[in-house]
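> Show me the folded form of this:
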Amino acid sequence: MASIIAFLALGAVAGFVATRMLRMRTDAMTTILIGMLGALVGGTVLRLVFAVLGGLSGVIGAVIGALIVIWLWQVYLRR
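Take a look at the predicted model:
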């Protein structure tokens, strides 16, 4: 249960940071969903590549992953 809450919190933070970096205005649920997708994608990849960073790699990877998810969404789904 604690890991689910931590994942939601990480997703919310990553989504918030990523949407603000790209100057997007989204509602809270979209921001959290973007962050959660980013956390899955970026966090997993970055942890595999840079296992030395530990927990910090998850946060950095989540934000990077969220930025990638937003970019893909803007390029391919908002036509």
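
> where in the protein is pLDDT low?
1, 43, 47, 50-57, 78-79 (pLDDT under 70).

> where along it do the helices fall?
Counting by DSSP state H, the chain has helices at residues 2-21, 28-38, 44-49, 55-72.

> Adding mean neighbour count, write those helices out as TSV.
No exception for glycine: its C-beta is placed from N, CA and C like everyone else's. Output for the helices of the chain, formatted as TSV (neighbours: other CB atoms under 10 Å):
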stretch	mean neighbour count
helix 2-21	17
helix 28-38	20
helix 44-49	14
helix 55-72	20
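
> Relative to V49, how far out is G15?
22 Å (CB to CB, to the nearest Å).

> Repeat that for M21.
Separation of M21 from V49 (CB to CB) stands at 22 Å.

> Repeat that for A39.
Applying CB to CB, the value for A39 to V49 is 15 Å.

> now do L67
Separation of L67 from V49 (CB to CB): 17 Å.

> ditto for I32
25 Å.

> Over to M29?
With CB to CB as the criterion, M29 and V49 are 30 Å apart.

> The nearest residue to I64 once chain neighbours are set aside - how many residues pack around it?
Excluding its sequence neighbours, the residue lying closest to I64 (CB to CB, 6 or more residues apart in numbering) is G42, at 4.4 Å. Neighbourhood size, G42 [other CB atoms under 10 Å]: 26.

> check contacts around G42.
Neighbour list for G42: 14, 60-66, 68 [criterion: CB atoms under 8 Å, 6 or more residues apart in numbering].

> Determine which two of those residues are furthest apart.
Farthest pair in these (CB to CB) is I60 and I68. Separation: 12.7 Å.
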